[in-house]
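**Student:** need a structure here:
(chains A, B and C)
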Amino acid sequence: MFALIDCNNFFVSCERLFLPALREKPVVVLSNNDGCVISRSNEAKAIGVPMGAPMFEIRDLLKREKVHSFSSNFQLYGDISNRVMQILQRFSPEVDVYSVDEAFLDLSGTPDGKFEEVGEDIRRTVLQWTGIPVSVGIAPSRTLAKLAAGISKKQGKTFLLIEEETLREVRRRTPVEDIWGIGRKLSASLRMAGIGTAEELANTNETWIRQKYNVMMQRKVLELRGIPCESGEHESSGKNAIMASRSFGTPLTKLEDVQEAVTSYTARASRKLREQQSVARVVSVYIQTNRHNPRERYYANYQMVELPSYTDDTAEIARFAREAMKKIFVPGLRYKKCGVTLMDFAPAGNFQQSLLDDAETVLKRQRQHQLMLVVDKMNRKLGGDTLKFGGEGIAQKWTAKSEHCSPRYTTRWKDIPLVN
DNA sequence: TCTGGGGTCCTAGGACCC
DNA sequence: TCTGGGGTCCTAGGACCC
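**Tutor:** Numbers count the residues shown, from 1 in each chain, chains lettered A, B, ... in the order given. Now for the predicted structure:
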């Protein structure tokens, strides 16, 4: 049996923790660059603020309805998320953190008949210890647990999707679009084939669906019947790719400015790489102009580079990343966004050295590695950007807009709230 | 004027091997 | 005239997720 724990309107809920006056008020959290809406309170949903709505389209609506909007504060959300996930560990030895606001729990140790009790215990404990309201869905497969959590969110209590009767009823009421893993394309295709509900999908012939689609769809069918097929392991061995990308606050036209951003994003990606104790052999950079502006030519390109050796050294990776960017940068365009991706990982401290490295190079690499560890340590202790690379620039005119960001209440000493 | 960021998994098809 | 069969590995790209 699986439980899916889902934090309700997570980013908004995080913001409300420290401003209780905003409870029952319409609140939204904006994406990076204050570009569009990525989290909405129930009140904001009721007013009709769509998910993903671009700011410039709904600015008037937000103002008229007195909606409180926040720039995204991922340090805060990340920290609150960790606290929630830690609490969940008490309820199961197998916690699969699926995203910042969701986790699957393996409840096979829980006796039948106790599921509802456990679910309510989870909801109560998380709310009391962190202030975050969560939904809990319990079912024999992950796909069904997702469906159950959706119902839990509406009902405000744990929802069990276990009994045959309930199962059939819920599946009948669930359009294929609402099934986890069935997106726009697949649902359109299923509807063409005359399959419109979860119940209909669950009742299709297994081999037929496998032939017409693929194993994923076959697994979906089984999962909907209550036979678990999706595997967990989302946090076990670190990521297979690490990406850092941002839209620029204003369009950039000069290579030097883009290079600053590339260096800065490389620093961020490399830090994550070291955190998960990996080294990378491939770095890829990309750049693009504004996709939505019909009056300007849209240009997007990327370049992948193999590094001379596995490494986690920001300086070395940045050198290659900047070189790669030079190759795809076309002068005369207004760039909107760029990004850096690290790929092809090996565990740090246990990887193939390059044949070409002589003793001196190996020593140099080790010293560089030590240096990076010190940089990371200082930045952890004294705050994000205490030590930066010169290449990241000082003025950084490309940094994203963030006009309504709340304090880092829980991760920066000077932002910790005072109680009078 | 203004539209996020960071991931995963799967498949098809090409290169290559014996 | 007639030109096999069975693999592996890699990559690009699509679809999906939150």
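**Student:** can we go C-alpha only for contacts and neighbour counts from here?
**Tutor:** Fine.
**Student:** Which parts of the stretch 151-300 of chain A are helices?
**Tutor:** Using DSSP state H, counting those that start in this stretch, the helices of the stretch 151-300 of chain A run over A:164-173, A:184-192, A:198-202, A:206-212, A:215-224, A:255-275.
**Student:** Columns mean neighbour count, distance to A:Val49 and mean pLDDT on top of those helices, output as JSON lines?
**Tutor:** Below are the helices of the stretch 151-300 of chain A laid out as JSON lines (neighbours: other C-alpha atoms under 10 Å; distance: least, C-alpha to C-alpha, whole Å; pLDDT from 0 to 100):
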{"stretch": "helix A:164-173", "mean neighbour count": "15", "distance to A:Val49": "25", "mean pLDDT": "98"}
{"stretch": "helix A:184-192", "mean neighbour count": "14", "distance to A:Val49": "21", "mean pLDDT": "95"}
{"stretch": "helix A:198-202", "mean neighbour count": "22", "distance to A:Val49": "28", "mean pLDDT": "97"}
{"stretch": "helix A:206-212", "mean neighbour count": "13", "distance to A:Val49": "37", "mean pLDDT": "89"}
{"stretch": "helix A:215-224", "mean neighbour count": "21", "distance to A:Val49": "32", "mean pLDDT": "94"}
{"stretch": "helix A:255-275", "mean neighbour count": "23", "distance to A:Val49": "32", "mean pLDDT": "95"}
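**Student:** Is it possible to get JSON lines of those that adds distance to A:Met372?
**Tutor:** Output for the helices of the stretch 151-300 of chain A, formatted as JSON lines (distance: least, C-alpha to C-alpha, whole Å):
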{"stretch": "helix A:164-173", "distance to A:Met372": "52"}
{"stretch": "helix A:184-192", "distance to A:Met372": "44"}
{"stretch": "helix A:198-202", "distance to A:Met372": "51"}
{"stretch": "helix A:206-212", "distance to A:Met372": "49"}
{"stretch": "helix A:215-224", "distance to A:Met372": "41"}
{"stretch": "helix A:255-275", "distance to A:Met372": "9"}
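**Student:** So for DNA strand C, which of these sits nearest?
**Tutor:** Judged by C-alpha to the nearest atom of the strand, the one of the helices of the stretch 151-300 of chain A that comes nearest to DNA strand C is helix A:184-192, at 3.6 Å.
**Student:** what are the ranges of the strands in chain A?
**Tutor:** Assigned by DSSP state E, the strands in chain A fall at A:2-7, A:27-30, A:37-40, A:68-70, A:95-99, A:102-106, A:134-139, A:159-160, A:241-252, A:278-289, A:300-311, A:335-347.
**Student:** export the helices of the stretch 151-300 of chain A to JSON lines and tack on distance to DNA strand C?
**Tutor:** Compiled in JSON lines, the helices of the stretch 151-300 of chain A are given as follows (distance: least, C-alpha to the nearest atom of the strand, whole Å):
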{"stretch": "helix A:164-173", "distance to DNA strand C": "16"}
{"stretch": "helix A:184-192", "distance to DNA strand C": "4"}
{"stretch": "helix A:198-202", "distance to DNA strand C": "13"}
{"stretch": "helix A:206-212", "distance to DNA strand C": "14"}
{"stretch": "helix A:215-224", "distance to DNA strand C": "10"}
{"stretch": "helix A:255-275", "distance to DNA strand C": "18"}
